[in-house]
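Colleague: Just need the structure, nothing else, for what follows:
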Amino acid sequence: MAYKRKELENMENLLGGSKKKFVKYEEGAAMFSMGLHSFMDLAKEAKAVYRIRRIVLVNTEIIEDYLENFRDL
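Modeller: Model (predicted):
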(Lines give C-alpha, C1' and ligand atoms only; values in the text may rest on other atoms or scores of the structure.)
Protein backbone atom coordinates (compact mmCIF):
# COMPACT_ATOMS: atom_id res chain seq x y z
CA MET A 1 0.00 0.00 0.00
CA ALA A 2 1.41 3.36 -1.00
CA TYR A 3 1.55 6.26 1.42
CA LYS A 4 0.63 9.79 0.49
CA ARG A 5 3.54 12.23 0.77
CA LYS A 6 3.16 15.03 3.28
CA GLU A 7 3.66 18.50 1.85
CA LEU A 8 5.16 21.09 4.15
CA GLU A 9 3.95 24.59 3.35
CA ASN A 10 6.11 26.61 5.71
CA MET A 11 9.61 25.24 5.27
CA GLU A 12 11.07 28.57 6.49
CA ASN A 13 9.21 28.21 9.79
CA LEU A 14 10.32 24.60 10.10
CA LEU A 15 13.95 25.58 9.77
CA GLY A 16 13.60 28.64 11.96
CA GLY A 17 14.90 31.01 9.29
CA SER A 18 18.38 29.49 9.38
CA LYS A 19 19.92 26.47 7.77
CA LYS A 20 20.40 23.47 10.03
CA LYS A 21 23.56 21.40 9.85
CA PHE A 22 22.01 18.24 11.32
CA VAL A 23 18.46 17.09 10.62
CA LYS A 24 16.36 13.99 11.16
CA TYR A 25 15.35 11.85 8.21
CA GLU A 26 11.88 13.41 7.91
CA GLU A 27 13.21 16.98 7.92
CA GLY A 28 15.93 16.15 5.42
CA ALA A 29 13.53 14.47 3.04
CA ALA A 30 11.32 17.55 3.10
CA MET A 31 14.30 19.89 2.79
CA PHE A 32 15.64 18.13 -0.31
CA SER A 33 12.17 17.41 -1.79
CA MET A 34 12.68 13.66 -1.75
CA GLY A 35 10.86 10.66 -0.46
CA LEU A 36 11.82 9.39 2.97
CA HIS A 37 13.39 6.11 1.84
CA SER A 38 15.24 7.78 -1.04
CA PHE A 39 16.71 10.31 1.37
CA MET A 40 17.67 7.57 3.83
CA ASP A 41 19.49 5.65 1.09
CA LEU A 42 21.21 8.81 -0.15
CA ALA A 43 22.39 9.73 3.35
CA LYS A 44 23.82 6.24 3.88
CA GLU A 45 25.62 6.34 0.50
CA ALA A 46 27.10 9.73 1.34
CA LYS A 47 28.16 8.47 4.79
CA ALA A 48 26.40 11.43 6.40
CA VAL A 49 24.51 9.45 9.07
CA TYR A 50 25.20 9.94 12.77
CA ARG A 51 23.57 7.59 15.29
CA ILE A 52 23.35 9.02 18.79
CA ARG A 53 21.60 6.67 21.20
CA ARG A 54 18.14 6.29 19.61
CA ILE A 55 18.31 9.36 17.36
CA VAL A 56 19.60 9.36 13.80
CA LEU A 57 20.90 12.67 12.47
CA VAL A 58 22.05 13.50 8.95
CA ASN A 59 24.72 16.09 8.14
CA THR A 60 23.24 18.28 5.39
CA GLU A 61 26.62 19.73 4.40
CA ILE A 62 27.93 16.27 3.49
CA ILE A 63 24.73 15.54 1.54
CA GLU A 64 25.08 18.78 -0.45
CA ASP A 65 28.73 18.03 -1.28
CA TYR A 66 27.79 14.49 -2.30
CA LEU A 67 25.02 15.75 -4.59
CA GLU A 68 27.42 18.18 -6.30
CA ASN A 69 29.35 15.16 -7.62
CA PHE A 70 26.33 14.24 -9.78
CA ARG A 71 25.90 17.64 -11.43
CA ASP A 72 25.89 17.74 -15.24
CA LEU A 73 28.17 20.31 -16.78
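
Colleague: Tell me the pLDDT of L73.
Modeller: Among the per-residue scores, L73 shows a pLDDT of 73.

Colleague: residue contacts, it?
Modeller: Listed by C-beta atoms under 8 Å, 6 or more residues apart in numbering, the contact set of L73 is empty. From N, CA and C alone the C-beta is placed, and that goes for glycine too.

Colleague: Distance-wise, check it relative to E64.
Modeller: Per C-beta to C-beta, to the nearest Å, L73 is found 17 Å from E64.

Colleague: and what of M31?
Modeller: 10 Å.

Colleague: neighbour count winner among the two?
Modeller: M31 (19 against 13; other C-beta atoms under 10 Å).

Colleague: so who does the closest residue to that one other than its chain neighbours touch?
Modeller: In this structure, M31 finds its nearest non-sequential neighbour in V23, 6.4 Å apart by C-beta to C-beta, 6 or more residues apart in numbering. Residues near V23 by C-beta under 8 Å, 6+ apart: M31, L57, V58, T60.

Colleague: does the third one have beta-bridge partners, and which?
Modeller: Think V58. V23, V49 (DSSP bridges).

Colleague: Report how many residues lie close to it.
Modeller: V58 has 26 neighbouring residues, counting by other C-beta under 10 Å.

Colleague: and it, what is it in contact with?
Modeller: Residues counted as contacts of V58 (C-beta under 8 Å, 6+ apart) are F22, V23, K24, Y25, G28, F39, A43, A48, V49, Y50.

Colleague: out of these, which one sits closest to E68?
Modeller: Among these, A48 lies closest to E68 (C-beta to C-beta), at 13.2 Å.

Colleague: Would you quantify the distance from the closest one to K4?
Modeller: 27 Å.

Colleague: Counting neighbours around each, name which of the two comes out higher.
Modeller: Higher neighbour count among A48 and K4: A48, with 20 against 5, using other C-beta under 10 Å.

Colleague: can you pull the contacts of the more buried one?
Modeller: By C-beta under 8 Å, 6+ apart, the contact set of A48 is V58, N59, T60, I62, I63, Y66.
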